[in-house]
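> Structure here, sequence nowhere to be found:
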């Protein structure tokens, strides 16, 4: 088994490396499949993990969900079953042995299709569990992921074969050690599915204030049940979840647009620029102006390093 996994990793590493000439995240010809490459350890990168399967082919990565850490490398895979605001950093990489990874995104409807087609049993009454987990990878899963990645070199086969292999990959994950967590997201009436509805509402309306009673109504739960299940799935309260979305969006706006921090604060839903600055500093380590200056300087250094001499 170890030898089989080792051969599969070598092939997959070669595929990812051949399609990632520069550091960063790269789209592939398969719309839901992304490759990543980094030649050195990275600082925390903030973003939203969509429902997805993440596999590190070479190197190590750490993901922080609120205060909970998930570390994984070539022997593991990470699954996010709902949209989650996270910070992640590459912890093992070098120019000689770069960090190589892939991410396959999927939807609840794709999960539900697999559940129905293969008649996999699901218990709606199971309590909600954390929407992110790490498991040990199996040869059958890595084989399916490798076959999917191979299709990039035969584009004419993607339209027909990619959906079939994606279905197989989802099936393998559902059959895995923590697959029950993923099953719950697709089943209407399960507590995880109800929480995912609340997550979607907050993500679409993150700049607006809300009452917890409104969210409880969306989830068809009592206020206390909503709090309990939401924190179980996301590792944070609805207010903390919204705050992370607001601050991540604010940082993105400040980096891409020449706007004043106070104006951005109002755009993402803050009524007090001073409160925005305090919470921004707490999350990113520096006040908005200094943080953006640092990010732009780092981006310039990366660009110059990649430019031909």
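Great, that's in hand. Fair warning: this is a prediction, and the values are worked out from it, not measured in the lab.
> Every contact and neighbour count from this point should use C-alpha atoms.
Will do.
> where do the helices sit along the stretch 151-300 of the chain?
For the stretch 151-300 of the chain, applying DSSP state H, counting those that start in this stretch gives helices covering 158-174, 179-186, 191-204, 212-219, 223-234, 238-256, 261-267, 273-284, 288-306.
> was I right about residue 92 contacting residue 41?
Yes. Contact criterion Cα atoms under 8 Å: residue 92 and residue 41 qualify, at 5.8 Å.
> Need the winner for burial among the helices of the stretch 151-300 of the chain.
helix 179-186 (a mean of 24; mean count of other Cα atoms under 10 Å).
> Counting by contacts, list what it packs against.
If contacts are counted by 3 or more Cα pairs under 8 Å, 6 or more residues apart in numbering; DSSP states H and E, helix 179-186 sits against helix 108-117, helix 158-174, helix 191-204.
> Next, the buried residues of the shortest one.
Same thing as helix 108-117. Across helix 108-117, burial judged by 16 or more other Cα atoms under 10 Å covers 108, 111, 112, 114, 115.
> pLDDT for the residues you listed - can I get that in JSON lines?
Shown next, in JSON lines, are the buried residues of helix 108-117 (pLDDT from 0 to 100):
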{"residue": "108", "pLDDT": "89"}
{"residue": "111", "pLDDT": "93"}
{"residue": "112", "pLDDT": "90"}
{"residue": "114", "pLDDT": "93"}
{"residue": "115", "pLDDT": "90"}
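> Now tabulate these in JSON lines and tack on distance to residue 65.
Below are the buried residues of helix 108-117 laid out as JSON lines (distance: Cα to Cα, whole Å):
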{"residue": "108", "distance to residue 65": "21"}
{"residue": "111", "distance to residue 65": "23"}
{"residue": "112", "distance to residue 65": "26"}
{"residue": "114", "distance to residue 65": "28"}
{"residue": "115", "distance to residue 65": "28"}
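> how close does residue 65 get to residue 141?
25 Å (Cα to Cα, to the nearest Å).
> residues in contact with stretch 186-195?
108-109, 111-112, 122, 124-129, 184-185, 218-220, 226, 229-230, 233 (Cα atoms under 8 Å, 6 or more residues apart in numbering).
> and residue 31, how many residues sit next to it?
11 (other Cα atoms under 10 Å).
> Is it in a helix, a strand, or coil?
Following DSSP: H, G, I helix; E, B strand; the rest coil, the label given to residue 31 is coil.
> And it, how far from residue 166?
From residue 31 over to residue 166 the distance is 11 Å, taken as Cα to Cα.
> now residue 289, nearest residue through space, not along the chain?
residue 261 (7.3 Å; Cα to Cα, 6 or more residues apart in numbering).
> Which pLDDT value belongs to that neighbour?
pLDDT, residue 261: 94.
> Could you tell me how far stretch 1-11 lies from the centre of the chain?
25 Å (Cα atoms, centre = their mean, to the nearest Å).
> Now do the buried residues in that stretch.
5, 8, 9.
> Quick check: residue 76 touching residue 141?
No. Between residue 76 and residue 141 there is no contact under Cα under 8 Å: 10.9 Å.
> So for stretch 295-309, mean pLDDT?
Mean per-residue pLDDT for stretch 295-309: 53.
> ok, now how distant is residue 42 from residue 261?
For residue 42 relative to residue 261 (Cα to Cα), the value is 26 Å.
> Near the spatially closest residue to residue 137 that is not a sequence neighbour, how many other residues are there?
Leaving out its chain neighbours, the residue that sits closest to residue 137 by Cα to Cα, 6+ apart is residue 76, at 4.9 Å. Neighbour count of residue 76, defined by other Cα under 10 Å: 16.
> and residue 76, what are its bridge partners?
Residue 76 forms beta bridges with residue 136, as assigned by DSSP bridges.
> ok, now which ones touch it?
Applying Cα under 8 Å, 6+ apart, the residues contacting residue 76 are 55, 56, 134, 135, 136, 137.
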